[in-house]
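Enquirer: Output the structure for:
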Amino acid sequence: MESFALNLRTKSALFTAVIAATVLGIALLLVYELVVVSDDPDLARQIGWNLLFIGLSAGILAAGAALWVAQRIKLPLRRLAETMSAMARTGQLQSDFRAAGGGSEVRLIEETFRALTISLEESQRARERSYVEAVGAVVTAADARDHETTGHSFRVSLYAIALAKALGIHGDELKAIEWGSLLHDVGKMVVPDEILRKMGPLTAEEWHIMKQHPTWGFDMLAEVSFLQPAALDIIYSHHERWDGKGYPRGIAGGEIPLAARIFAVVDTYDAITSDRPYRRARSHQVALSELQRVAGQQLDPKIVESFGELPEVDLRRLRELCKRVHPGLSLPADLLDSLAEPEPERRADVGA
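Expert: Below you'll find the predicted structure:
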């Protein structure tokens, strides 16, 4: 971008200098011819100085006009180049970028680039949707093995997105929290059914096996290229506790990755507000009271406080999106849209 601007600036200066020099050269030539052919040297000199002044004035005006024309060409191109550079730098496509202005040639370049961006956005959305559909099939199958009520992983993913936004998280990190929340229990697919579905308390040996599922999930997905580190943090650390009594590593407080601390709060909330074989779902207010009770022990107290500020109506709406999730069926279109594009409000003028 910088070399492009410098090159255009140099060309503009050269163009302006050539015009000014040409006009000045013509004026000097006229002065010379007048002095040579004139019989009255004083009159010739007077007319010559006037012509020289006119020539200089014309040269300055011509240079100013040329500079203005060059700027009219350069500024729109520079704005367009800055928009392209911003998209390349952030990796975020945006077809509704600010118009660069300028003449018909610049507008043609801009519209071509805008059409290309729209095409790439549509391709990106289609790819994202196919990711969600593929992962959704795996997640639905995993949920069906462990939960009487299906849709758990989709609910906690939507809750985690809402909480992360409230905490000021956006962009790739927000997307990573979504994927990590969806896939947090994928390691349970390795746990034998007789342990996973056991109604009574687990033996010490069975509990040891169950506690391996975060490690197994991490190992299964560590080499998946589209998963960000924050997603793997959730998969590996979602059973760590604020007081250090969790597993698999027993880390505490700020040592626990932020994404995993966010997830732990929404996972606990969903467990309280969902039906279980041994009890009925509890209300939103009961769940908030329980979250506050275990804050500082099991959960990060600041994140619990932020979660408590989320409107109950928003959480209820997100829960409704997941009610039609069932094994073997396609994911509902509105749920797919929410997961494929969790941050529609992120659009802003890249070129601003």
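Enquirer: can you pull out the helices in the protein?
Expert: All helices of the chain, identified by DSSP state H, fall at 2-37, 41-90, 104-146, 152-166, 171-182, 193-196, 204-210, 213-221, 229-237, 258-272, 284-294, 301-308, 312-321, 333-340.
Enquirer: Domain map for this structure?
Expert: Split into domains by automatic domain parsing, the chain comes to 2-90, 129-340.
Enquirer: can you pull the contacts of the closest residue to Lys211 other than its chain neighbours?
Expert: Once flanking residues are discounted, Lys211 sits nearest to Tyr247: 4.8 Å by C-beta to C-beta, 6 or more residues apart in numbering. Yep, even glycine has a C-beta here, placed from its N, CA and C like the rest. Going by C-beta atoms under 8 Å, 6 or more residues apart in numbering, Tyr247 touches Lys211, Pro214, His239, Glu240.
Enquirer: pLDDT wise, what is the last one at?
Expert: Looking back up the chat, that one is Glu240. For Glu240, the pLDDT comes out at 96.
Enquirer: Repeat that for Pro301.
Expert: Each residue has a pLDDT score; the one for Pro301 is 96.
Enquirer: and if you look at the one 3 residues further on?
Expert: Looking at Val304, its pLDDT is 97.
Enquirer: can I assume it is in contact with Arg293?
Expert: No: Val304 is beyond contact range of Arg293, at 9.7 Å (criterion: C-beta atoms under 8 Å).
Enquirer: More neighbours: these two, which one.
Expert: Just comparing Val304 and Arg293: by other C-beta atoms under 10 Å the higher neighbour count belongs to Val304, 23 against 12.
Enquirer: What count of nearby residues applies to Glu121?
Expert: 15.
Enquirer: Tell me how far it lies from Arg107.
Expert: From Glu121 across to Arg107, the span is 20 Å (C-beta to C-beta, to the nearest Å).
Enquirer: Same question for Arg280.
Expert: Taking C-beta to C-beta, one finds Arg280 at 63 Å from Arg107.
Enquirer: And Glu255, by the same measure?
Expert: With distances taken as C-beta to C-beta, Glu255 is found 54 Å from Arg107.
Enquirer: So between these two, which is more surrounded?
Expert: Neighbour comparison, Glu255 and Arg107: the larger count goes to Arg107, with 15 against 12 (by other C-beta under 10 Å).
Enquirer: which residues touch the nearest residue to Asp300 once chain neighbours are set aside?
Expert: Nearest in space to Asp300, with sequence neighbours left out and distances taken as C-beta to C-beta, 6+ apart, is Arg261 at 4.3 Å. Arg261 makes contact with Trp242, Leu299, Asp300, Ile303, according to C-beta under 8 Å, 6+ apart.
Enquirer: switch to 10 Å and redo it
Expert: Counting by C-beta atoms under 10 Å, 6 or more residues apart in numbering, Arg261 touches 233-234, 237-238, 240, 242, 253-254, 299-300, 302-304.
Enquirer: Tell me the pLDDT of it.
Expert: With respect to pLDDT, Arg261 scores 97.
Enquirer: Repeat that for His213.
Expert: Taking His213 on its own, its pLDDT is 92.
Enquirer: Surely His239 and Thr268 touch.
Expert: No: using C-beta atoms under 10 Å, His239 is not in contact with Thr268; the gap is 11.0 Å.
Enquirer: if we can go back for a sec, filter the contacts of Tyr247 down to the buried ones, ChimeraX style.
Expert: Burial among those is assessed by 16 or more other C-beta atoms under 10 Å; the matching ChimeraX selection reads:
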select :214,239,240
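Enquirer: Looking at the contacts of Tyr247, spot the one nearest Phe53.
Expert: Nearest to Phe53 among the contacts of Tyr247 is Glu240, at 83.7 Å by C-beta to C-beta.
Enquirer: my read: that closest one touches Gly246, true?
Expert: Yes: applying C-beta under 10 Å as the test, Glu240 and Gly246 come out as touching, 3.9 Å apart.
Enquirer: quick revisit: which two in the contacts of Tyr247 are spaced the farthest apart?
Expert: Pairwise distances across these peak at 11.6 Å for Lys211 and Glu240 (criterion: C-beta to C-beta).
Enquirer: any residues in contact with both of those two?
Expert: Listed as contacting both Lys211 and Glu240 by C-beta under 10 Å, 6+ apart are Gly246, Tyr247, Pro248.
Enquirer: Adding distance to Glu82 as columns, could you present those in CSV?
Expert: Shown next, in CSV, are the shared contacts of Lys211 and Glu240 (distance: C-beta to C-beta, whole Å):
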residue, distance to Glu82
Gly246, 47
Tyr247, 49
Pro248, 47
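Enquirer: Which of the domains of the chain has the lowest mean pLDDT?
Expert: Mean pLDDT values for the domains of the chain show the minimum at domain 2-90, a mean of 65.
Enquirer: What's the separation between the closest residue to Gly308 other than its chain neighbours and Thr268?
Expert: Nearest non-adjacent residue to Gly308, counting by C-beta to C-beta, 6+ apart: Leu288, 5.5 Å away. Leu288 is 11 Å from Thr268, where distance means C-beta to C-beta.
Enquirer: Now the common contact residues for the two.
Expert: Common contact partners of Leu288 and Thr268 (C-beta under 10 Å, 6+ apart): Val304, Phe307.
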